[in-house]
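**Q** Just the structure for this:
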Amino acid sequence: MPIATLTSKGQLTMPQVVRAHLGLEAGDKVDFVADAVGGYRVVRLRKDVKLLRGRFAGRVSRPVSLAAMAEAVESEVVERLRPRGRSARAKRAR
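**A** The predicted structure follows:
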């Protein structure tokens, strides 16, 4: 079983057998995906969007509709674009 040691800077050197199995080369990125038993899976990030099929499987308890995704994106954009001045409560207090 391949083993890696975490450095004081939070870095890991991935064993060669694992890199080969995942098809990783220098500069490639990986993601750590939480699994159902409290651990993580190391997943190679792909550069071609077609290879993302199934990438997010298991990350949510039930599928989300496109309408719900669009609504979530819209609300996040509105929140990020909202002016950061004094809050309405602070303005009323004056």
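
**Q** contacts and neighbour counts: CA atoms only from here.
**A** Fine.

**Q** ok, which stretches of the chain are strands?
**A** Assignment of strands within the chain using DSSP state E yields the ranges 30-34, 40-44.

**Q** So which of these is nearest residue 84?
**A** Nearest to residue 84 among the strands of the chain is strand 30-34; the distance by Cα to Cα comes to 33.0 Å.

**Q** and the closest one, which strands flank it?
**A** Partners of strand 30-34 in the sheet, by DSSP bridges, are strand 40-44 (antiparallel).

**Q** check contacts around the spatially most central residue of the chain.
**A** The chain has residue 31 as the residue nearest its centroid, 7.0 Å off, counting by Cα atoms, centre = their mean. Applying Cα atoms under 8 Å, 6 or more residues apart in numbering to residue 31 gives the contacts 42, 43, 44, 45.

**Q** Just give me the closest of the residues you listed to residue 73.
**A** Nearest member of the contacts of residue 31 to residue 73, counting by Cα to Cα, is residue 45, at 22.7 Å.

**Q** Can you report how many residues neighbour the closest one?
**A** 16 (other Cα atoms under 10 Å).

**Q** For residue 23, state which of the contacts of residue 31 is nearest.
**A** Among these, and counting by Cα to Cα, the member closest to residue 23 is residue 44, at 8.0 Å.

**Q** before we move on, the earlier item: turn the strands of the chain into CSV, including distance to residue 20 and mean pLDDT.
**A** Listed next are these as CSV, based on distance: least, Cα to Cα, whole Å; pLDDT from 0 to 100:
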stretch, distance to residue 20, mean pLDDT
strand 30-34, 13, 87
strand 40-44, 11, 86
